[in-house]
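>>> Here's a sequence, model it:
(one chain, ligands or ions: 1)
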Amino acid sequence: MCGIMGYVGPRPASPIIMQGLKRLEYRGYDSAGIAVAADGVIQIRKAAGKLDRLVEAMAASEPSGAIGIGHTRWATHGPPTDANAHPHADTTEKFAIVHNGIIENFFELKEELLAAGREFTSDTDTEVLVHLISDEYDGDLAEAVRRAVKRATGAYALVAVAAEQPDTIVAVRMISPLVIGFGEGETFLASGIPALLDHTRDVLVMEDGELAIITAEGITLEKLDGTPVDRQHMKVDWDVEQAEKGGYPHFMLKEIFEQPRVVADSLLGRLDGTDVILEGVAWGPAFEQSIEKIWITACGTAFHAGLAGKEMFEGLLRIPTEAVYAHELRYRDPIVEPNSLTLAISQSGETADTLAGARLLHERGSRLLAITNVVGSALTHYSDDVIYTRAGLEISVASTKAYTAMLVAQYLLALRLGQSRGVLDEARARKVAAALEALPGQVESLLKREEGIDEMARFLASKLADENDIYFIGRGLDYAVATEGSLKLKEISYLHSEAMPAGELKHGTLALITEGTPVIVVNTQAHVYDKTVSALQEVKARGASVIAVAYDDDTEIEHYTDHVLRIPRTLDLLSPVLSIVPLQLLAYHVADARGLEIDQPRNLAKSVTVE
Ligand code: AGP
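Residues are numbered from 1 along each chain as shown. Okay, here's the model as predicted:
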């Protein structure tokens, strides 16, 4: 989730843009830059690292001019370096752009442009766009941008300036957000409302497929096909902090509701029919067919995502898979057979235990694939291959959207390995691919049932809020989800909870189940559905109060439970992406009911970079 800021008006653009970028720091970034047009020249300053490095770069010579664009980058393609920072210019430096999103077909476009003699200065997907604009330019920047984006596919917010048109900014929104702010004889543009609030509360939110021609006097808003758009402005009454949370009370809730976009972004450009394209994976089919063992190592939520991966890789691919906590693995003496693949899963890519565990397996000959959310993080330096989760900055310590993105990354890997190893035939691969493609919409529809699921979660939370021990149970993939649901609850509500395989209850824990003990069961896996119901009956017989997570069309479950949190039906293999959502909301509402901090829980850090 990159930050974008633009300005055109009578005042110097640089200070306004830098202030806007500062307001967007909360979105996370690893590099930043600014481009200002004046007297037929575009001046660009950019730097990897924090905004202070850009400030230093500007101190030497601040670009002067009354029109400009700025960017804070959260890398998805290409490590965070000065060259990869935005803005990007064409070879003649007559055009500069900033971009937030992913260009799916950038590889083909780059090949085309290189063949046409274009020189690239970065390894970002963004840079292809400025060369396309330069290609298409015949005196009208808006037309050049319109023609350029027609050649690109993906999700983007694109903002361009031209040296020859120093009074106009052109912006296009295709999924990634863009908002325009109106001042007195000046106009602002940003990727988020917080960056506008120092100047105006009179804003217009661009919608997908729209192009805005922005001058100091105001804007012309059109569809990409040129059809004029007449959109009402809105008055923003949020303060900056509320704006940073997108109007949500906490970052955690905002990030839960970002999951449809995150699941879509994690799939973007990686699924073509049943073909799986993993841009950061360098191995070929021969290696894929040679794999005899998969290791998965991680901590916390990432480990829970790996537990689901273990079920997936063993169940679907029939490859022996071991999911082991990194803090355990690093002090073991693991037997690493040849032809093994290690998945090290880490949102931050900086977790000390995970780095240590991953390196141990790598040193013993296992090929190391990092599944991480941070481009250029420490884990990626040790790894042979990387799959980025594209969840954007996750601010809340309690990980939510990164978890679902980690699941999607593993599904894509399983789909690819299954086909190359001949264990997934075309028909089954098509079913899995179709179900994956449907997930963003299903998560969206699930979250849109806010009255239902949010209300139910709030109601149940009020019932749970003073319980001391809450149990999460499930079998197979449902157990993997139960572990994550339990962690979410305990780490933000400070109530004790534990997850266990449903079949394990009778081997001891059942002794703790008494009248009213809350038991939360995840029951979506058809092949063990009845067995999980047996476990439900065991706890009900002891007076437990049971909440189930089950499919919409499950008509049996309410006979055995007190409450049901329902999810849309999908392949059982993919159900964790959906069944975790009500448990995330339940944890959130219990913590909220207890009046707790939520985004920064006591004793915890977002990334545990020490042992
Ligand atoms: C999860 O909500 C916690 N924040 C924590 O368990 C976290 O998942 C764990 O520390 C691993 O972090 P990582 O994914 O950055 O490696």
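
>>> going forward, measure contacts and count neighbours with C-alpha atoms only.
OK.

>>> for the residue most central in space within the chain, what are its contacts?
The centroid of the chain falls nearest to residue 391 when counting by C-alpha atoms, centre = their mean (1.2 Å). Contact analysis of residue 391 by C-alpha atoms under 8 Å, 6 or more residues apart in numbering lists 262, 263, 265, 266, 373, 401, 402, 405.

>>> what kind of secondary structure is it in?
coil (DSSP: H, G, I helix; E, B strand; the rest coil).

>>> neighbours of the spatially closest residue to residue 404 that is not a sequence neighbour, just the number please.
Leaving aside its sequence neighbours, residue 404 sits nearest to residue 577 (C-alpha to C-alpha, 6 or more residues apart in numbering; 5.6 Å). Residue 577 has 25 neighbours, counted by other C-alpha atoms under 10 Å.

>>> Could you pick out the residues of this protein near the ligand for me?
Residues of the chain found near the ligand (C-alpha under 6 Å from any ligand atom) are 299-302, 346-349, 351, 397-399, 606-608.

>>> 8 Å instead, please
Counting by C-alpha under 8 Å from any ligand atom, the chain comes close to the ligand at 298-303, 345-351, 354, 372, 396-400, 402, 487-488, 491, 604-608.

>>> Type out the ChimeraX command that picks the buried ones from those.
Per 16 or more other C-alpha atoms under 10 Å, the buried members of the residues of the chain next to the ligand correspond to this ChimeraX selection:
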select :298,299,300,301,302,303,345,346,347,348,349,350,351,354,372,396,397,398,399,400,402,487,488,491,606
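
>>> Of the residues of the chain next to the ligand, which belong to helices?
Counting by DSSP state H, these place 300, 301, 302, 303, 354, 402, 487, 488, 491 in helices.

>>> got those residues as JSON lines, with pLDDT columns?
Listed next are those as JSON lines, based on pLDDT from 0 to 100:
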{"residue": "300", "pLDDT": "98"}
{"residue": "301", "pLDDT": "98"}
{"residue": "302", "pLDDT": "98"}
{"residue": "303", "pLDDT": "98"}
{"residue": "354", "pLDDT": "97"}
{"residue": "402", "pLDDT": "98"}
{"residue": "487", "pLDDT": "98"}
{"residue": "488", "pLDDT": "98"}
{"residue": "491", "pLDDT": "96"}
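
>>> Remind me which helix or strand residue 547 belongs to.
strand 545-551 (DSSP states H and E).

>>> so what strands line up beside that strand?
Within its sheet, strand 545-551 is paired with strand 518-522 (parallel), strand 563-567 (parallel), according to DSSP bridges.

>>> Return the distance of that strand from the chain's centre.
27 Å (C-alpha atoms, centre = their mean, to the nearest Å).

>>> Give me the residues contacting it.
Contacts for strand 545-551 (C-alpha under 8 Å, 6+ apart): 515-524, 536, 540, 557, 561-569, 579, 582.

>>> Okay, and residue 584 sits in which element?
Secondary structure (DSSP H and E) places residue 584 in helix 576-593.

>>> tell me the angle that helix makes with strand 563-567.
Following axes from the mean of the first three to the mean of the last three C-alpha atoms, to 10 degrees, one obtains 130 degrees for the angle between helix 576-593 and strand 563-567.

>>> And the average pLDDT for helix 576-593 is what?
For helix 576-593, the mean per-residue pLDDT is 95.

>>> which other helices and strands contact it?
helix 251-257, helix 401-420, helix 426-448, helix 455-464, helix 477-493, strand 545-551, strand 563-567 (3 or more C-alpha pairs under 8 Å, 6 or more residues apart in numbering; DSSP states H and E).

>>> what about residue 21, distance to residue 196?
10 Å (C-alpha to C-alpha, to the nearest Å).

>>> Just list whatever residues bridge to the residue nearest to residue 563 when sequence neighbours are not counted.
Spatial nearest neighbour of residue 563, excluding adjacent residues (C-alpha to C-alpha, 6+ apart): residue 547 at 4.8 Å. In this structure, residue 547 bridges to residue 520, residue 563 when assessed by DSSP bridges.

>>> Make 49 the first number, not 1, from now on.
Yes, from this point I'll number from 49; that puts the last item at residue 595.

>>> For residue 595, grab the count of nearby residues.
Around residue 595 there are 22 residues (other C-alpha under 10 Å).

>>> can you pull the pLDDT of it?
On pLDDT, residue 595 comes in at 95.

>>> Quick one: classify residue 228 as helix, strand or coil.
Classified using three-state DSSP, residue 228 is strand.

>>> any idea which helix or strand carries the residue nearest to it when sequence neighbours are not counted?
Sequence neighbours aside, residue 237 is the residue nearest to residue 228 in space, at 4.4 Å (criterion: C-alpha to C-alpha, 6+ apart). Residue 237 is part of strand 235-238 when elements are defined by DSSP H and E.

>>> Neighbouring strands of that strand in the sheet, and parallel or not?
Sheet pairing here is set by DSSP bridges, and for strand 235-238 it gives strand 51-56 (antiparallel), strand 227-230 (antiparallel).

>>> for the next helix or strand after that strand, packing partners?
Following strand 235-238 in sequence order, the next helix or strand is strand 250-253 (DSSP H and E). Under the contact criterion of 3+ C-alpha pairs under 8 Å, 6+ apart, strand 250-253 touches strand 227-230, strand 282-283.

>>> Right, I'll leave it there.
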